[in-house]
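# Structure for this input, please:
(chains A and B)
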Amino acid sequence: MELIINGETRRSTATTVEAVVRDLTSAGAGEIPGGIAVAVNDEVVRRTAWSATDLSPGDRVDVLTAVQGG
Amino acid sequence: MTDTLDTHTSPDIDEDRLVIAGVPFGSRLITGTGGAPSLEVLEEALLASGTELTTVAMRRVAPGTQGSVWDVLARNGIRPLPNTAGCFTAAEAVRTARLGREAVETDWVKLEVIADEHTLLPDPVELLEAAETLVDDGFTVLPYTNDDPVLARRLEQTGCAAVMPLAAPIGSGLGIRNPHNLELIVEQAGVPVIVDAGIGTASDAALAMELGCDAVLLATAVTRAQDPVLMARAMRDAVRAGRGARRAGRIPIRRHALASSPDVV
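Got it, this is the predicted structure:
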């Protein structure tokens, strides 16, 4: 389905938040790195809810991480 | 060693902890992480600075990124303080703070709401609004603010855990432009006062502490110094020296000389 991932419209096979995060972080089936937060349509999705949060076509998914700054 | 020295009671400077929202820190130097030439240099500089609290920014994940500041802080036991850098409205800052809370697993936030790209000065109206929302939402809010005693008071009344007035604009290295305002903020504050932004070199950091500030937050002065690790160490020493001088109580400034040797009889 079509998703807007970090501002870019993409066709994705991901159907959950967790799948999008695994894809972006190249985590594969391994451990997802720490320091990551996700918002779907501007609402923060808790890490514990990533696997159970289904996505709908057109959803805006923002995946953020802590970087150098400030 | 004389009896006088044996029985002296002045507290060791190492026991003099910075306490923010009930959490004690052994170091009064808070560092940012922006501007470092590499993660390796950043890590060495952070360790040299002795910092125990360090800001990070929240940005979109770039695919394939290897190694992160998050790993550097985690393996060195340095507490990460997510910031809301790059936010221009209260709404943006609140959203970024919530993402930072989730990513970094802390309800502490360095709240920045910037007015414009040219000055990077805080927007006081948006800042106060964001602070109110975040305090209500259970955050421990450390706001980056103008060196305005009235705004600092309002932020404290809102429930902020510290106030962080600027010395000068972010990244400018201009040093403390208005020491009188900082003194006014220190005099009235019931929460820690942390000078944030504008520090250029070690004497600026020492002066901030001599004025009575509780801590110094700096990034560029270290990360963009010619030798970031050496500057980090210098800043660590400057903050300790300035704090020590403040606690020791400096002599009054006199217009004329005062002999330190006894009169000849």
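
# So which bits of chain A are right by chain B?
Taking C-beta under 8 Å from any C-beta of the partner chain, the part of chain A that reaches chain B is made up of A:6-7, A:24-26, A:33-39, A:42, A:44, A:46-47, A:62-70. Where C-beta positions appear, they are placed from N, C-alpha and C, glycine not excepted.

# hmm, 10 Å instead?
For chain A, the residues in contact with chain B (C-beta under 10 Å from any C-beta of the partner chain) are A:5-8, A:20-21, A:23-26, A:33-39, A:42-47, A:62-70.

# Which single residue of chain A ends up nearest chain B?
A:G69 (2.6 Å; C-beta to the nearest C-beta).

# Which members of the residues of chain A next to chain B are positioned in strands?
If you go by DSSP state E, the residues of chain A next to chain B have A:5, A:8, A:36-39, A:43-45, A:62-68 in strands.

# Which pair of those residues spans the longest distance?
A:E43 and A:Q68 (26.8 Å; C-beta to C-beta).

# Settle it for me: which of the two has more neighbours?
A:Q68 (22 against 10; other C-beta atoms under 10 Å in any protein chain shown).

# shouldn't the more buried one be in contact with B:P80?
No - using C-beta atoms under 10 Å, A:Q68 is not in contact with B:P80; the gap is 11.3 Å.

# list the residues that contact both of these two?
B:33, B:54-56, B:69-70, B:72 (C-beta atoms under 10 Å, 6 or more residues apart in numbering or on different chains).

# from those residues, which ones fall inside strands?
Short answer: the shared contacts of A:Q68 and B:P80 in strands (DSSP E) are B:54-56.

# Scan those and report the most crowded one.
Taking other C-beta under 10 Å as the neighbour criterion, B:V56 ranks highest of these with 29 neighbours.

# Under the pLDDT cut-off, which ranges of chain A? List them.
By pLDDT under 70, chain A contains no weakly predicted segment.

# same thing but at 80, please
For chain A, applying pLDDT under 80 flags the ranges A:26-29, A:69-70.

# swap in chain B?
For chain B, the stretches with pLDDT under 80 are B:1-15, B:63-67, B:265.

# Recalculate using a threshold of 70.
Using pLDDT under 70, the flagged stretches of chain B are B:1-14, B:64-67.

# just the helices in it please.
Listed in chain order, the helices of chain B (DSSP state H) span B:3-6, B:39-49, B:69-76, B:90-104, B:124-136, B:149-158, B:179-188, B:202-210, B:220-223, B:228-248.

# The ones you listed into CSV, with extra columns for mean neighbour count and distance to B:R60?
Below are the helices of chain B laid out as CSV (neighbours: other C-beta atoms under 10 Å in any protein chain shown; distance: least, C-beta to C-beta, whole Å):
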stretch, mean neighbour count, distance to B:R60
helix B:3-6, 7, 58
helix B:39-49, 19, 19
helix B:69-76, 18, 15
helix B:90-104, 23, 10
helix B:124-136, 20, 21
helix B:149-158, 19, 29
helix B:179-188, 17, 35
helix B:202-210, 23, 33
helix B:220-223, 25, 22
helix B:228-248, 20, 26
